[in-house]
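S.K.: Turn this into a model:
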Amino acid sequence: MNKILVLITLADNSIDVIKSNADLPKKEMEFVNKWKEESILESFFISVTKKDAVLIFKNIDEHKAKELIEMLPYFPYMARIDYHNLNQQF
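M.R.: Numbering: from 1, shown residues only. Modelled structure (predicted):
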């Protein structure tokens, strides 16, 4: 099964900006939960520092994954986004 792994790193000062807006994390998680319910998001991880995130999408292609990430409220605060096409072995 093919999957898309997305690695996100937020900009250095973005955590403070995000923390100062209580609605921003709620809105972000609404997207994540919706994708989980739609069975297109298989896994979601946040680093201990909350600066990095890993999302594993399934049943979509890289183009769609990019569209979804660009919809996120945190998108303007992302410093780096890497997309990796994976072929699950087991």
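S.K.: I'd guess residue 55 is in a strand, am I close?
M.R.: Yes - counting by DSSP: H, G, I helix; E, B strand; the rest coil, residue 55 is part of a strand.
S.K.: which residues in the protein form helices?
M.R.: Taking DSSP state H as the test, the helices found in the chain are 14-19, 23-37, 62-71.
S.K.: Which residue is the nearest non-sequential neighbour of the most centrally placed residue in the chain?
M.R.: In the chain, the centroid-proximal residue (Cα atoms, centre = their mean) is residue 55; its distance is 5.0 Å. Leaving aside its sequence neighbours, residue 55 sits nearest to residue 6 (Cβ to Cβ, 6 or more residues apart in numbering; 4.4 Å). Just so you know, the C-beta spots here come from the backbone N, C-alpha and C atoms, and that holds for glycine as well.
S.K.: Distance of the one you found relative to residue 73?
M.R.: 16 Å (Cβ to Cβ, to the nearest Å).
S.K.: With neighbour numbers in mind, choose between those two.
M.R.: residue 6 (20 against 17; other Cβ atoms under 10 Å).
S.K.: can you pull the contacts of that one?
M.R.: Taking Cβ atoms under 8 Å, 6 or more residues apart in numbering, we find residue 6 in contact with 53, 54, 55, 56, 57, 65, 69, 81, 82, 83, 84.
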